[in-house]
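Q: here's a sequence, model it:
(chains A and B)
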2 protein chains.
Amino acid sequence: MAVYTEVSDEDLKAFAAAYDFGEIVSCKGIAEGVENSNYMLQTAAGPFILTLYERRVDPKELPFFLGLMEHLARSGVQCPVPLKGRDGEALRTLCGRPAAIISFLKGMWPRRISVDHCAPLGAALAGLHQAGMSYGMKRANSLSVAGWRDLYARIVPDAIEGVEKGLGRLINDDLEIFANKWPTNLPSGVIHADLFPDNVFFLDGKCSGLIDFYFACNDFLAYDIAICLNAWCFEQDGAFNITKASRLLAGYESVRPLTQAEKDAMPILARGAAMRFLLTRLYDWVNTPPGALVKFKDPREYVQKLKFHRSVTDLSAYGLS
Amino acid sequence: MAVYTEVSDEDLKAFAAAYDFGEIVSCKGIAEGVENSNYMLQTAAGPFILTLYERRVDPKELPFFLGLMEHLARSGVQCPVPLKGRDGEALRTLCGRPAAIISFLKGMWPRRISVDHCAPLGAALAGLHQAGMSYGMKRANSLSVAGWRDLYARIVPDAIEGVEKGLGRLINDDLEIFANKWPTNLPSGVIHADLFPDNVFFLDGKCSGLIDFYFACNDFLAYDIAICLNAWCFEQDGAFNITKASRLLAGYESVRPLTQAEKDAMPILARGAAMRFLLTRLYDWVNTPPGALVKFKDPREYVQKLKFHRSVTDLSAYGLS
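A: This is a model prediction of the structure:
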């Protein structure tokens, strides 16, 4: 829930003059997303999204993200595309920040996940992976296994123990295991890397598209599935829902079958994905000043998920064989 | 900036079934308003606003507010109107809260106030006052002079001194003055009572409409002008801009001329309006729990405004003669 930059009507008018959609008749801040400022624009040519990229996004990486959205959409993935101005440029500056206007995507993200969401989600993810194969640009995953030790070192140990006693040791042990056992040779490509429910839109029970590609990067494709297992398949009470997991995997495999190596790696990838979100949530939780407008998510949710994955001894726990 | 209630797609679908606008293809929380949850809906019939009334609004008062919007719009005031379902009802329940769908109003509220905004603002306010004369329902102003002493008593004295040393005494002195000198016999009617810049939309330099009638009530019409003098005519550095004030008043009088008694009362009404917003801001400031999602406004802005009005010795300070 975030609008960090207030855009004045004068600034907006000057910005919009570069585009062909006619007059902007309304511009309202959207209470979604914690990384950027998003506005819903109403124009004569219909609705659009205006995004101002705030400090968490490195401006140098924006061409990768915007180019990816364009490439994916051209390849048949349902996702928003950056709008180009009459000068052919999609990325410009507004209120001193990089900014772009993005096409409007129909649909709503599901507030309550049902098993019926999971197969369409899996199929959409596999479609993204396939379409991403032909994308020309690359971006390393700055939040992958190689970065976790550093991220962990930046969180005050006392604060970690304050979240849960013994958590520092648990994290340390797992980082050790990842250092030795993380897979090295799985099918790779462009992954979304943040495909949580608020980034997946549905309409009439069908997946109507994916949004928010600002964590996208090159990594193991199966790691993207592992992130979804964490983000979509746990119930409110912390229980893992194996039906959701098998639907997700079946949906995925209906488009792109997994290799045996990918299946075998799923427990450690899922455990790693839980670690990644645990660490960033811990970092945000511990470093948020009191009174901040953004409410960060409780890291304890991911402690619980990490513990589940640690307990897995068999692929069947994820509905895999 | 507030969305307090997350509406699930299932709940929304059931709610929308009562209306004729067809399928809702998008529903995004708007980062505006601190009292209610507002969503921008996209439908086949165009955009609408969905409002869920949160705890600050008394459900018993909603018929007054919704009826007023309808009455004003019918009388030619540009403002949103509540949409009626096929059952003829505008007010229903969503996620356990009173909720209504409101028509979409074009325009943007001005982030930077220029003198050019002030005459159209004044004219729109006068138009609202005239149209309100024929509205059948009444609502007392719960935040008028009679309520300030009570509101003040509910704020911890130490907290008031923490905001500014000597502030308690200043407030006390003024409440005493208001008790003796507040006017008793000025033209009355329906006032907006909260016509801050974020409640006034402009398009192409013209006022395109007024929104957010959830403080509307019966009171002196000139008190509504006094609120606008506070909300629109001070610069960022605290200086009162007499040009803005005279444009506002001239715009108002182009539609509804003020009586001499109203003009004479302007200094005390403006001082009272500053007190009203000082007290509510103090109350919110002091009572907001750390980590709350809503960021309340600094009450000191209104200490400064109150002091300006205390210093006024002549109507010409407001551009009046």
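Q: what is the neighbour count of the residue nearest to residue A:7 when sequence neighbours are not counted?
A: Closest residue in space to residue A:7, ignoring its immediate chain neighbours: residue A:95 at 5.8 Å, by C-beta to C-beta, 6 or more residues apart in numbering or on different chains. Using the backbone N, CA and C atoms, a C-beta is placed for each residue, glycine as well. When neighbours are counted by other C-beta atoms under 10 Å in any protein chain shown, residue A:95 registers 15.
Q: and the helices in the stretch 1-150 of chain A?
A: For the stretch 1-150 of chain A, the helices defined by DSSP state H, counting those that start in this stretch occupy A:9-16, A:62-74, A:115-132, A:145-153.
Q: which one of those helices lies closest to residue B:235?
A: Comparison of the helices of the stretch 1-150 of chain A against residue B:235 by C-beta to C-beta identifies helix A:9-16 as nearest, at 17.1 Å.
Q: let's see the closest one as CSV, backbone CA atoms only.
A: In CSV, the C-alpha atoms belonging to helix A:9-16 read as follows (Å, rounded to 0.1, in the frame of the first residue of the first chain):
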residue,chain,number,x,y,z
ASP,A,9,-1.6,18.0,-12.4
GLU,A,10,0.8,20.3,-14.1
ASP,A,11,3.6,17.7,-14.1
LEU,A,12,1.2,15.0,-15.2
LYS,A,13,-0.1,17.1,-18.1
ALA,A,14,3.5,17.8,-19.3
PHE,A,15,4.3,14.1,-19.0
ALA,A,16,1.2,13.0,-20.8
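Q: check whether that helix comes near chain B.
A: Yes: Helix A:9-16 comes into contact with chain B (C-beta under 8 Å from any C-beta of the partner chain), by way of A:9-10, A:12.
Q: just put those in CSV and tack on neighbour count, pLDDT and distance to residue A:87.
A: Formatted as CSV, these follow (neighbours: other C-beta atoms under 10 Å in any protein chain shown; pLDDT from 0 to 100; distance: C-beta to C-beta, whole Å):
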residue, neighbour count, pLDDT, distance to residue A:87
A:9, 20, 86, 22
A:10, 12, 88, 21
A:12, 19, 92, 18
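Q: what about stretch A:148-164, start to end distance?
A: Stretch A:148-164 has its terminal residues 19 Å apart, counting by C-alpha to C-alpha, to the nearest Å.
Q: buried residues in that stretch?
A: Residues of stretch A:148-164 classed as buried: A:148, A:151-152, A:155, A:160, A:163 (neighbour count, 16 or more other C-beta atoms under 10 Å in any protein chain shown).
Q: save those residues as a markdown table, and put in pLDDT and distance to chain B too.
A: Putting the buried residues of stretch A:148-164 into a markdown table (pLDDT from 0 to 100; distance: C-beta to the nearest C-beta, whole Å) gives the following:
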| residue | pLDDT | distance to chain B |
| --- | --- | --- |
| A:148 | 96 | 27 |
| A:151 | 93 | 24 |
| A:152 | 94 | 25 |
| A:155 | 90 | 19 |
| A:160 | 90 | 20 |
| A:163 | 89 | 16 |
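Q: lowest-pLDDT helix or strand in chain A?
A: helix A:157-163 (a mean of 88; mean pLDDT, DSSP states H and E).
Q: what is that one packed up against?
A: helix A:167-181, helix A:260-287 (3 or more C-beta pairs under 8 Å, 6 or more residues apart in numbering or on different chains; DSSP states H and E).
Q: just to revisit the earlier point, am I right that the residue nearest to residue A:7 is in contact with residue A:5?
A: Yes: at 5.1 Å, residue A:95 and residue A:5 qualify as touching, with contact defined as C-beta atoms under 8 Å.
Q: show me the contacts for residue A:135.
A: A:67-68, A:71-72, A:190 (C-beta atoms under 8 Å, 6 or more residues apart in numbering or on different chains).
Q: let's see 7 Å
A: A:68, A:71, A:190 (C-beta atoms under 7 Å, 6 or more residues apart in numbering or on different chains).
Q: in space, what's closest to it - neighbours in sequence excluded?
A: Residue A:135 sits nearest to residue A:71 (C-beta to C-beta, 6+ apart), 4.8 Å away.
Q: pLDDT score for the one you found?
A: With respect to pLDDT, residue A:71 has a value of 98.
Q: distance of it from residue B:153?
A: Counting by C-beta to C-beta, to the nearest Å, the separation of residue A:71 from residue B:153 is 64 Å.
Q: what's the answer for residue A:140, then?
A: With distances taken as C-beta to C-beta, residue A:140 is found 61 Å from residue B:153.
Q: which residue ranges form the strands in the stretch 201-321 of chain A?
A: Taking DSSP state E, counting those that start in this stretch to define them, one finds strands in the stretch 201-321 of chain A at A:206-210, A:217-220.
Q: give me the distance from the last one to the chain's centre.
A: Okay, so that is strand A:217-220. For strand A:217-220, the separation from the chain centroid amounts to 13 Å (computed by C-alpha atoms, centre = their mean, to the nearest Å).
Q: who's residue A:98 bridged to?
A: Residue A:98 has these beta-bridge partners by DSSP bridges: residue A:93.
Q: burial measure for it, as a count.
A: There are 19 residues near residue A:98, going by other C-beta under 10 Å.
Q: that one contacts residue A:51, correct?
A: No: judged on C-beta atoms under 7 Å, residue A:98 makes no contact with residue A:51 at a distance of 9.0 Å.
Q: got the residues of the stretch 1-150 of chain A near chain B?
A: A:1, A:3, A:6, A:8-9, A:25-32, A:40, A:42, A:47, A:106-108, A:110-112 (C-beta under 7 Å from any C-beta of the partner chain).
Q: so which of those belong to strands?
A: With strands defined by DSSP state E, the entries of the residues of the stretch 1-150 of chain A next to chain B inside them are A:25-29, A:40, A:42, A:47.
Q: from these, which two are the most distant?
A: Using C-beta to C-beta, those span at most 15.8 Å, a distance reached by A:25 and A:29.
Q: more neighbours: those two, which one.
A: residue A:29 (23 against 19).
Q: for the more buried one, give me its contacts.
A: With C-beta under 7 Å, 6+ apart, residue A:29 has these contacts: A:3, A:37, A:39, B:30-32.
Q: where's the dip in pLDDT among those residues?
A: Within the contacts of residue A:29, residue A:3 has the lowest pLDDT, namely 61.
Q: and residue A:240, how far is that from residue A:280?
A: Distance from residue A:240 to residue A:280, by C-beta to C-beta: 21 Å.
Q: make that residue A:42, sorry
A: Residue A:42 is 34 Å from residue A:280, by C-beta to C-beta.
Q: neighbour-wise, which of the two wins?
A: Neighbour count, other C-beta under 10 Å: between residue A:42 and residue A:280, residue A:42 has more, with 21 against 18.
Q: would you mind listing the residues in contact with the nearest residue to that one once chain neighbours are set aside?
A: Distances taken as C-beta to C-beta, 6+ apart place residue A:26 nearest to residue A:42, at 4.0 Å, with adjacent residues excluded. Counting by C-beta under 7 Å, 6+ apart, residue A:26 touches A:41-42, B:106-108.
Q: count of residues packed around residue A:127?
A: For residue A:127, using other C-beta under 10 Å, the count is 20.
Q: could you do residue A:179 as well?
A: Residue A:179 has 12 neighbours, counted by other C-beta under 10 Å.
Q: so of the contacts of residue A:26, which two are at opposite extremes in space?
A: Of all pairs drawn from the contacts of residue A:26, the widest gap by C-beta to C-beta lies between A:41 and B:107 and measures 12.8 Å.
Q: quick one: contacts for the closest residue to residue A:258 other than its chain neighbours?
A: Counting by C-beta to C-beta, 6+ apart, the nearest residue to residue A:258 once its immediate chain neighbours are dropped is residue A:222, at 6.7 Å. By C-beta under 7 Å, 6+ apart, the contact list for residue A:222 reads A:186, A:258, A:262, A:265-266, A:269.
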